[in-house]
Each structure stands twice: as structure tokens, then as C-alpha cells.
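A.B. asks: make a model of this:
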Amino acid sequence: MSAVPSTAGEIHLRALTPDDLDACHSLSAAVGWAHRREDWTLVLGLGQGLAAIAEGELVGTAMWWAFGSGHASLGSIIVAPERQGAGIGKLLMQGLIEATRGRSRGLIATEEGRPLYAKYGFVPAGTVLQHQGSAPEIAALPLDPGETLRLATEADLPVLAGLDEAATGLPRALVLAAL
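C.D. replies: Model (predicted):
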């Protein structure tokens, strides 16, 4: 990818790599996101990303994940607080649109980015609630006679992936396997 001038100076877009994980984590923390480094490892391992680089520093990220050959989910679009409003988000969105050409697209986004995303035709379709913390141990619900309860195993993945695809319309077996 080539360098692009913006009001933030020259911005170079390139592919995100595992070498960027620490900088991605720092960037998400700078905007108040609770992403851990291991969250970034997971999302980068499952998808593809763009890095916006200014003066050798990561100043923006954007990710996309393929679901089959016809759909892409876009997200993790972040611009460093001190660089917001300078056109970096627009450059990242243009990069995502180009990278996902020919696919239908969904977008996981924050309210702060809504004006930018609306310029690309995205409209709210629902709400994702995110909760951080440690889940307490709870006792299993009482079962009726003859019922059993067990942890899912790798052998259950085809059935779980089938149920998930029936519910969402998207082939997400790789995501389920990673969890």
C-alpha cells in the first residue's frame, strides 16, 4: 500500500502483523477499550488488518474477518486520540472497503464512529453489549431425570457450527474453534 497525505501528515497503510500486537494493545487502551493483548492475538489470527503508520508509529487500526466467500465483518477501527479528526479513519475505511470488495459487509462499531460509517452507507442494525470481568463459579442448574450436562468438546464443533450458521447465516466454524 502506498503513502497517502492527510491533515495528520503522510499516512502509510500496510497490513497489520503479529509484530504490531503490542502497539495495537496500547492504541486500544488509549481510546478506553478493554482489549487485552491476547484479544488482539485472537482477532488478528482470525482476520486481516490494516495499520495506519505516521512517522514510524502505529496511529490507527482496522480489521476485517471473512465469513465464507461472500461476507465480511469489519471492526477494531481505532485512531489514536491525538490524531482523530485528521482523516485517518476515512483512509482506514477506504482500505477496508477495497479489501472486502465483492462481499456483503457488516460493521461492529462504536457510537463515536457513526458519522464516518454513515458516509459509507452503514446504518445501525442492532447493539452489541460488551462486559469485562471474571465470571463467578455458579452451580449447575438442577437437571430432570435422564438429562445430563457436559462441557462441549472438539467433537461437538460440527453440530455447534451448524447451529450457529443456522442462527446467523454466516459460516463461523473457525471463530468457534478458536474459542
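
A.B. asks: ranges for the helices of this structure?
C.D. replies: For the chain, the helices defined by DSSP state H occupy 21-30, 37-46, 88-99, 114-118, 157-168, 173-178.

A.B. asks: contact partners of the first one?
C.D. replies: This means helix 21-30. Contacts with helix 21-30, where a contact means CB atoms under 8 Å, 6 or more residues apart in numbering, come from 16, 35-37, 40-41, 44, 57-61, 76, 78, 80-81. To be clear about C-beta, it is placed using only N, CA and C from the backbone, and glycine gets the same treatment.

A.B. asks: do that again at 6 Å, thanks
C.D. replies: When contacts are defined by CB atoms under 6 Å, 6 or more residues apart in numbering, helix 21-30 is touched by residues 35, 37, 40, 58, 61, 78, 81.

A.B. asks: closest to A139 among those?
C.D. replies: Nearest to A139 out of these is H35 (CB to CB; 31.2 Å).

A.B. asks: sorry, back to before: most tightly packed of the helices of the chain?
C.D. replies: Most buried of these by mean neighbour count (mean count of other CB atoms under 10 Å) is helix 88-99; its value is a mean of 20.

A.B. asks: helices or strands up against that helix?
C.D. replies: strand 9-15, strand 48-54, strand 57-67, strand 71-79 (3 or more CB pairs under 6 Å, 6 or more residues apart in numbering; DSSP states H and E).

A.B. asks: send the alpha carbons of it over as CSV?
C.D. replies: Presented in CSV, the C-alpha positions along helix 88-99 are these (Å, rounded to 0.1, in the frame of the first residue of the first chain):
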residue,chain,number,x,y,z
ILE,A,88,-7.1,8.6,9.2
GLY,A,89,-10.4,6.9,9.9
LYS,A,90,-11.5,7.7,6.4
LEU,A,91,-8.3,6.2,5.0
LEU,A,92,-8.8,3.1,7.0
MET,A,93,-12.4,2.8,5.9
GLN,A,94,-11.4,3.2,2.3
GLY,A,95,-8.8,0.4,2.8
LEU,A,96,-11.4,-1.9,4.3
ILE,A,97,-13.9,-1.2,1.6
GLU,A,98,-11.3,-2.0,-1.1
ALA,A,99,-10.1,-5.1,0.8
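
A.B. asks: understood, closing this out.
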